[in-house]
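> Sequence below, structure please.
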Amino acid sequence: MFIPSLVHSAEELQQILTLQENNLLQQLTPEERASQGFVTLQHDLATLQQMHALSPSVIVKQDANVIAYALTMAEGCRQLIPDLEPMYSLLDTLSWKDQPLSSRRYYVMGQICIDKPYRGQGIFEMLYHYHREVYQPAYDLFITEIATRNHRSLRAHEKVGFKIIHTHRDELDEWAVVLWDWTES
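Just a heads-up that it's a prediction; the model follows:
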């Protein structure tokens, strides 16, 4: 049985980095990317430590091993990862239900990844529902960006309750901005 929790140690952060590296876009074959999904951004330990000092991310472990993670990026994380500034700037221009996002209580999910042997076992939904359990008292909206060619991830996010609110292209890819409104039932 898998149980989600918040990150508590540097060892868990290091395990996140290993899982992330194994699932980077450039590490996978085109077939793996299409069928299994991928992650785009690679972090370093110092950045993860700073992110987690602001708001810990959610993990799932089997025994002592991190087998899944969903990175939490509260507002203070904006300055930590310069590559994400275009996304944050875009979010500053978007609205949801006729209100600018900038006037709403939201945070960004930085990345989600599940180790291959554990996919399809409900862990994806578990990670997100635990995010909601922990962070809903402080936030109304949960936002992330997904490469539109990452069909597996788009479908999984839709199943949880995320809705596409905007699509755009940058120098890396075409992206869907998705939002989960925690004020709705």
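> Make sure residue 143 is indeed in a helix.
No - checked against DSSP: H, G, I helix; E, B strand; the rest coil, residue 143 lies outside a helix; its state is strand.
> Next, the contact list for it, please.
Listed by C-beta atoms under 8 Å, 6 or more residues apart in numbering, the contact partners of residue 143 are 91, 101, 106, 107, 108, 109, 177, 178, 179, 180. (C-beta placed from N, C-alpha, C; glycine too.)
> mind redoing it with 7 Å?
When contacts are counted by C-beta atoms under 7 Å, 6 or more residues apart in numbering, residue 143 touches 91, 106, 108, 177, 179.
> Turn those residues into TSV, columns for pLDDT and distance to residue 70.
Below are these laid out as TSV (pLDDT from 0 to 100; distance: C-beta to C-beta, whole Å):
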residue	pLDDT	distance to residue 70
91	95	18
106	95	15
108	92	11
177	97	17
179	97	15
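> and the residue nearest the centre of the chain, what does it touch?
By C-alpha atoms, centre = their mean, the chain has its centre lying nearest to residue 111, at 2.9 Å. By C-beta under 7 Å, 6+ apart, residue 111 lies in contact with 39, 41, 71.
> who wins for neighbours among those residues?
residue 71 (26 neighbours; other C-beta atoms under 10 Å).
> ok, of the contacts of residue 143, which one's closest to residue 137?
residue 106 (13.7 Å; C-beta to C-beta).
> ok, for that closest one, nearest residue in space, not its chain neighbours?
Leaving out its chain neighbours, the residue that sits closest to residue 106 by C-beta to C-beta, 6 or more residues apart in numbering is residue 141, at 3.7 Å.
> ok, now which ones touch the one you found?
96, 104, 105, 106, 179, 181, 182.
> now the residue of the chain most remote from its centre: how far from residue 145?
The centre of the chain is farthest from one residue, residue 98, which by C-alpha atoms, centre = their mean lies 24.7 Å away. Residue 98 sits 22 Å away from residue 145, going by C-beta to C-beta, to the nearest Å.
> Low-confidence stretches in the protein?
Low-confidence segments of the chain (pLDDT under 70): 185.
> the strands in it, which residues?
Ranges of strands in the chain, per DSSP state E, are 4-6, 58-62, 65-73, 95-96, 99-100, 106-114, 141-147, 163-169, 174-181.
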